Structure formats: C-alpha cells, structure tokens
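# build me a structure from this.
(one chain, ligands or ions: 1)
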Amino acid sequence: MWRPTFSLLKKVVIPSMRENLAFSKILYSTRSRLPKSTVKLTLVSASVGVLVGAGYGGYTHYKINAKKSLAPVETEEFALLKELPQYKPHYKIINDSDTSNLQLILFQYRTCPFCCKVRAYLDSRGISYEIVEVDAVLRQAIKWSGYKKVPIVLTKVDEGYQQLLDSTAIISVLETFLRDKSCQLRDIVKFYPATKYTNDDGNKITDIANKYFIMHNGAVPDERERAAEQEEREWRQWADKVLVHTLSPNVYRTTSEALETFKWFEEAGGWRQSFPSWECALMVYGGAAAMWIIAKRLKKRHNITDARQSLYNAANEWTAAVKKRGRFLGGDEPNLADVSVYGVLSSIEGCQAFKDLKANTDIGKWYNDVKNAIEMRTGKVIAINA
Ligand SMILES: N[C@@H](CCC(=O)N[C@@H](CS)C(=O)NCC(=O)O)C(=O)O
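Just a heads-up that it's a prediction; the model follows:
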C-alpha cells in the first residue's frame, strides 16, 4: 500500500528537497542582500512546490502504472544466501516455548499491512524473531536483496540463510514447515517458485506461485478439511485483493486524516528514534500530501465510491462469514484467514478510519478476540538498544 509513497518520496520529494536545500544554501549565503520577506516567501513557495510536485508525481505514477502490461522474463527460486548480510535489529520477540529453531529475521515497515500480517502470523504461532525496521526512503537495510519490497524474512537453513518473500508466501512456507517439521525448509520453498516480471517502465515485479496453499506431505485431508482449507484460502486472497485496497482511500480520505495517519506511522514505527528529523518531516508531510492525492486515484482504480462504506461493507462481509463458523472463521481457534484479516486491519489501528469501523460495524468483538488469542502466544518484546 505504501509503495507509491516511498518511490514517490525517492523520485520526486527527495530530489525536490535536495534542490530546496541547495537553494536555501544559496539563500543563506546571499541573505544579507535579500529582504527578509522575500526569503520567507521563497521558502514557503519552495515547500509548497515540494508538496505539489509530490502530488503530481503520484498522479503520473498511477496513470502510467494503470496501463502497464507485464512480460515474464525469468523464473527463480527464493534466493539462498551463503552468509548472513549485515543487519541491525531494532528489537526481538523472544518466546521461551518456541521449539521451531527457525532463527527468523523480519525486515519490515512497522505499519505496512503486509508486514503487520506476517507479524500477526509469527506471533500467533509463538515464534521468536528479530525485527529490522527498514527506512522507507533509502531502504538501506534491504540493499542486500534483489527484492525491493517488504516484508522479507531470512531464516537459517543448513546451507546458509533462506530468503522468504511476499507476506502470503512467507506465511504458507512457514506454516507448511511447522505442520510437518520432517520436511526441510529448503525443499518446501521449491513448491513456491518466484516469478519475476519486468513491466514496460522497467520495474521488476515478483509474484509467488501457489502462495495461498499449505502443502501436505502426509495423508490427503478428508472432504470437510478440504472445504475448510479452500474457504481459508479464499479469505486470505480476499484480505490481499479486496480488504487491503479499502485502506488507502480511508486513511488518506481528507488532508487532515492523511496527516493524522502519517503522524501515527511516525509514532508506531518509532521513526524519530531511527531516522533523522528532516527525513521524518519529509515522510510525514510529503507522504501525507502525496498519499492524499494518490488515494483518490486508488479509489477510482478499485471502483470505490464511498471510502468508509467500502470498508464497512468489507467488514460486514467478513463478519457474516465468521458468524457461520463460530467465534472465528476457523471455529474455536483463529485460522490463517482470521490471522491475515486481523493483520491487515491492525495496520490502521491508530487511525480515525479504524475507530469509525469499530463504531459502525460489528467487527470489534471478532477483532479483539483474535488480538487476545494472538497476544496470549506472543513472546516478550526486547528492545535491542534499550
Ligand atoms: N505482495 C507483497 C506486497 C508487498 C508490498 O507492496 N510492500 C510495500 C510496502 S506496504 C513495499 O515494500 N513497497 C516498496 C516501497 O515502499 O518502496 C506482499 O504481500 O508482501
């Protein structure tokens, strides 16, 4: 969901910012020769220029991407790294009862819905893992990877470190492994080949085959189990293809909501502790302005007429399906669809849209039940530099 913002920040806002910085240096050195009001006016115009530039960039980005056609160029397996790349974890989740021995490292943006989904899954399975918060502008922490998005998970295998990509595939690979540890993770990933595409603009796009499937090594499940698995898959897909697309038009619906959302990202993501203040300001104000404009485009693209109503409709659709099965879609326990829908929604927990969602639909009870079920299994949070 945030990709356009950050590409936009890199391609439009940062260059404009650099120009502005260079410009303000010139202003500074010639300040004595310029009247104060001229300096102020110029700085204000330059800042407005950055925001307008960001907005226009976002608009153009979407116009181009809406028409793109994909041409497959190569197919590859999930990459295996011989050595662990240099990384600096921000915190760890340690669960003493975790026997998986997976030694996971999650590279994430704290409030990205796909990363939230992976965290919800790892916590629901009581797994210990380290977290690296990726800087959304420069993305230094994932420079070692050919994949340019988050989440990315690294896990220790006999031959080195296995890279896992794509939130849904990460969950399916790990779930397949946890259900039957007699299979090697290296063998499991072979069932999920990564396909790379290059679009007309030269952008690389990666998708993973079979990513909604959990592989079975043993007995074939009976008809009832097969039906439950199919339902679980369909709702996981719905979380990625329907629910996720209702988020941006809601959290960036108005300029003040967009700003409030980015301020929440800054707080929840601990940006101030991890990144310089100019970068935080750039991400918050530039990001809010750009996403407010882009969200309008996204709204059209996904045929959303009323943003809030689309979110309420999605929630109602989901709660109706849950009601048929009991407390959760998985019955007495959350299944992978419960965890995925919860994870995606948890990415907007600090936003007005989420408060409205809880006030205007019945989703609150299910949401709190999943949250409690997951929190009961989550390990202790340990900040690395505390
Ligand atoms: N299908 C992927 C989508 C991941 C994705 O789009 N992540 C966004 C963040 S929400 C991203 O990393 N965009 C690239 C960027 O910010 O530069 C998944 O499920 O993991």
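
# what is the burial count for residue 277?
9 (other Cβ atoms under 10 Å). (C-beta placed from N, C-alpha, C; glycine too.)

# and it, how close does it get to residue 264?
Here the criterion is Cβ to Cβ, to the nearest Å. By it, residue 277 lies 17 Å from residue 264.

# again with residue 351
Look at residue 351 and residue 264: by Cβ to Cβ, they are 6 Å apart.

# who has more neighbours out of the two?
Remark: of residue 351 and residue 264, residue 351 carries more neighbours, 22 against 19, as counted by other Cβ under 10 Å.

# please spell out which residues along stretch 238-251 are buried.
238-240, 242-251 (16 or more other Cβ atoms under 10 Å).

# could you do stretch 154-169 as well?
Those would be 154, 155, 157, 161, 162, 163, 164, 165, 166, 167, 168, 169, for stretch 154-169 by 16+ other Cβ under 10 Å.

# low-scoring stretches of the chain, by residue?
1-77, 385-386 (pLDDT under 70).

# cutoff 50 now
Residues of the chain meeting the criterion pLDDT under 50: 1-77, 386.

# and stretch 225-240, which residues are buried?
Neighbour-count burial for stretch 225-240, counted by 16+ other Cβ under 10 Å, picks out 228, 229, 231, 232, 233, 235, 236, 238, 239, 240.

# I misspoke; the intended subject was stretch 94-112.
95, 98, 100, 102, 104-112.

# residue of the stretch 201-350 of the chain closest to the ligand, please.
Closest residue of the stretch 201-350 of the chain to the ligand, Cβ to the nearest ligand atom: residue 240 (6.3 Å).

# what ranges do the strands span in the stretch 151-300 of the chain?
Counting by DSSP state E, counting those that start in this stretch, the stretch 151-300 of the chain has strands at residues 152-157, 160-165, 194-199, 204-208.

# in JSON lines, list these along with distance to residue 91.
Below are the strands of the stretch 151-300 of the chain laid out as JSON lines (distance: least, Cβ to Cβ, whole Å):
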{"stretch": "strand 152-157", "distance to residue 91": "16"}
{"stretch": "strand 160-165", "distance to residue 91": "20"}
{"stretch": "strand 194-199", "distance to residue 91": "28"}
{"stretch": "strand 204-208", "distance to residue 91": "27"}
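
# and those as TSV, adding distance to the ligand?
Converted to TSV, the strands of the stretch 151-300 of the chain look like this (distance: least, Cβ to the nearest ligand atom, whole Å):
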stretch	distance to the ligand
strand 152-157	9
strand 160-165	7
strand 194-199	11
strand 204-208	7
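
# for the ones you listed, which one sits closest to residue 268?
strand 152-157 (19.9 Å; Cβ to Cβ).

# ok and that closest one relative to strand 160-165, angle-wise?
150 degrees (axes from the mean of the first three to the mean of the last three Cα atoms, to 10 degrees).

# can I get strand 152-157 as PDB, trimmed to CA atoms?
The C-alpha trace of strand 152-157 is given here as PDB (Å, rounded to 0.1, in the frame of the first residue of the first chain):
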ATOM      1  CA  ILE A 152      11.300 -10.000   3.700                       C
ATOM      2  CA  VAL A 153      12.100 -12.800   6.100                       C
ATOM      3  CA  LEU A 154      15.500 -14.500   6.500                       C
ATOM      4  CA  THR A 155      15.700 -17.900   8.200                       C
ATOM      5  CA  LYS A 156      18.700 -20.100   9.000                       C
ATOM      6  CA  VAL A 157      19.000 -23.300   7.000                       C
END
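
# what's it packed up against?
strand 104-108, strand 160-165, helix 185-188 (3 or more Cβ pairs under 8 Å, 6 or more residues apart in numbering; DSSP states H and E).

# starting at the chain centroid, how far to the shortest one?
Same thing as helix 185-188. 25 Å (Cα atoms, centre = their mean, to the nearest Å).

# residues making contact with that helix?
Residues outside helix 185-188 that contact it (Cβ atoms under 8 Å, 6 or more residues apart in numbering) are 80, 102, 155, 157, 158, 159, 162, 173, 176, 177, 215.

# what of the longest one?
The contact list for strand 160-165 (Cβ under 8 Å, 6+ apart) reads 78-84, 145, 147, 149, 152-156, 170, 173-174, 185-186, 189, 194, 206, 208.

# mind running it again at 7 Å?
Where contact means Cβ atoms under 7 Å, 6 or more residues apart in numbering, the residues beyond strand 160-165 that reach it are 78-84, 145, 147, 152-155, 170, 173, 185-186, 189, 194, 206, 208.
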